[in-house]
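[1] the sequence and its predicted three-dimensional model are supplied below.
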Amino acid sequence: MRRNRCAKILTTLGPATPTEDSLEALVRAGADMVRLNFSHGAHEDHRRRYNMVRAVEKKLGRTIGILMDLQGPKLRVGEFDGGKVKLETGATFRLDMEPELGDVNRVQLPHPEIFRAMEVGTDLLLDDGKIRLRVEVVTPDHAITRIITGGTLSDHKGLNVPNAILPISALTEKDRRDLQFGLDLGVDWVALSFVQRPEDVAEARKLIAGRAAIISKLEKPSAIEHLNEIIELSDAVMVARGDLGVEVPPERVPILQKRILNACHTLGKPVVVATQMLESMITAPTPTRAEASDVATAIYDGADTVMLSAETAVGQYPLEAVAIMDKIIHQVENDEHYRMLHDNRRERPEGTASDAISAAASQVAATIKAAAIVTYTSSGSTTLRAARQRPSVPILCLTAEVKTARRMAMVWGVHSVLERDISNFDEMIEKANKASREEGFAQVGERIVITAGVPFGTPGTTNVLRIAWVQGDDSWAE
């Protein structure tokens, strides 16, 4: 199950992928991780999908990471008499706390904290930006707005408040219940929706307490103002272009995407590009040329992972979507311009022994034309440092921790293998030799570069670099 590419594919499970067979087909086509979207479905639905992933993982002998995506504080209006209304441009429209069914004059907005964040002149976006309101009067329990852009508004449509830090936690009561359920299941990653400030990540980290890694979804302009702090507190970041594209002008989204990717690469954190990557494949068997270019651009820009949402959750062509994404990544990574871009943007290592060893491993592997870099790790830090250097050869991650192996499914260039802890240098090279051959990364007579930390099994102590010749029959030579 070795991939002939470095960037990873994250697929969302849903009604379009209901069985183990359908999931197995996605993994064989190129899926490296799966996403459980907790905005939809009951806990038992997610439990069934979780068990399905673990069954396929066992069958294929390849670790598969599982990401739970929390819904977050999605703001929604109430219900209308008749289910929907037509709002006319120029008319006034009231948002209030009253539970009665709405009409063309008013509707419930059951979020009192939002009224405290509004000011006269604040723009409100409804239904993913299709309708725009401007606040003219605001009190603690209602707002009178002018309809700037009208349209049809139906029950429970979302509301966004651009350019405002809302006085709400990134974790709702529903999120907290979902989080406990997901952690008890054993998910590998937790995605925090609508992160606004570093404190949102810190709050989640206290609750998660190391049981899963944290990925912060950047979909609020206020998060960009605290970009580096949020990245440093997170284990990874997602460029969530759906809601981000609602709250900022669409022409700014590509610029912010590049800015976020560059910041993540500088700070050594994995980054996912998500939303509408192959949107037309929900109903079509092939993507548009623009969509193919969008995926390619994310790969050129250094994304660790690209994500499919509705394409594999509810789309008519989930397998085809994964397969074409796999082909696009493969084509880009075999373009000489891609390697030139990565060589030019390679980050200078930090002034630590661990970073120096990782940077040296990348340079040595290129100089001697090694078949692979083999990293021994317990926490994943050694492997993450190797991936940050974007080496010209694959990274083989050997770890005794299944949790670490599954988390590495999101990281650029990494192929994980479960291996028991080692106790000496001879065993280190012997196991690296065997794994690189059995996993299809090296042949007899080729060389591999090995990094590890001494004392063995101690997290965060990357301080050893070795070069070994790959030989048969588990023999080896330095």
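    Received it, and whenever you're ready, just let me know what you need. Numbering: from 1, shown residues only.

[2] what's the helix or strand harbouring residue 153 packed up against?
    According to DSSP states H and E, residue 153 maps onto strand 151-154. Judged by 3 or more C-beta pairs under 8 Å, 6 or more residues apart in numbering; DSSP states H and E, the packing partners of strand 151-154 are strand 84-87. Glycine gets a C-beta too; all of them are placed from N, C-alpha and C.

[3] list the helices and strands whatever helix or strand comes next after the strand holding residue 153 packs on?
    Of the helices and strands lying after strand 151-154 in sequence (DSSP H and E), the nearest is strand 159-160. Helices and strands touching strand 159-160, by 3+ C-beta pairs under 8 Å, 6+ apart, are strand 123-126, helix 241-247.

[4] adjacent strands (with direction) for strand 159-160?
    Applying DSSP bridges to the sheet, strand 159-160 is found paired with strand 123-126 (antiparallel).

[5] for the residue nearest to the spatial centre of the chain, what are phi and psi?
    Centroid-nearest residue in the chain, with C-alpha atoms, centre = their mean: residue 272, separated by 3.9 Å. Dihedral pair for residue 272: phi -110, psi 130, per degrees, to the nearest 10.

[6] show me what contacts it?
    Going by C-beta atoms under 8 Å, 6 or more residues apart in numbering, residue 272 touches 10, 215, 236-239, 303-307, 410.

[7] could you check the pLDDT of it?
    Note on residue 272: pLDDT of 98.

[8] coming back round to it: for the strand holding residue 153, buried residues please.
    residue 153 (16 or more other C-beta atoms under 10 Å).

[9] residue 187 against residue 67, yeah?
    Yes: assessed by C-beta atoms under 8 Å, residue 187 is found in contact with residue 67 at 7.0 Å.

[10] quick check: neighbours shared by these two?
    With C-beta under 8 Å, 6+ apart, residue 187 and residue 67 have common neighbours residue 36.

[11] got TSV for the contacts of residue 272, with neighbour count and pLDDT too?
    TSV is the format used below for the contacts of residue 272 (neighbours: other C-beta atoms under 10 Å; pLDDT from 0 to 100):
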residue	neighbour count	pLDDT
10	25	98
215	24	98
236	23	98
237	27	98
238	28	97
239	25	96
303	26	97
304	26	98
305	25	98
306	22	98
307	26	98
410	24	97
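
[12] closest one of those to residue 77?
    Residue 77 lies nearest to residue 238 out of the contacts of residue 272, by C-beta to C-beta, at 26.3 Å.

[13] partners of the closest one in the sheet?
    Beta bridges link residue 238 to residue 217, residue 272, judged by DSSP bridges.

[14] do residue 449 as well
    The residues listed as beta-bridge partners of residue 449 by DSSP bridges are residue 373, residue 467.

[15] pretty sure it is touching residue 365, no?
    Yes: look at residue 449 against residue 365 with C-beta under 8 Å: they come within range, at 4.6 Å.

[16] quick one, which of the two is more surrounded?
    The neighbour count for residue 449 versus residue 365, taken as other C-beta atoms under 10 Å, is higher for residue 449 (28 against 24).

[17] residues touching that one, list them.
    Counting by C-beta under 8 Å, 6+ apart, residue 449 touches 361, 364-365, 368, 370, 372-374, 393, 465-467.

[18] farthest-separated two in those?
    Maximum distance among those (C-beta to C-beta): 15.2 Å, for 393 and 466.

[19] more neighbours: which of those two?
    Set side by side, residue 393 and residue 466 show more neighbours around residue 393, with 20 against 17, by other C-beta under 10 Å.

[20] where does this structure have its least confident helix or strand?
    The weakest-scoring helix or strand in the chain, judged by mean pLDDT, DSSP states H and E, is strand 476-477 (a mean of 48).

[21] so where's this structure shaky on pLDDT?
    Applying pLDDT under 70 to the chain flags residues 346-347, 457, 460, 473-478.
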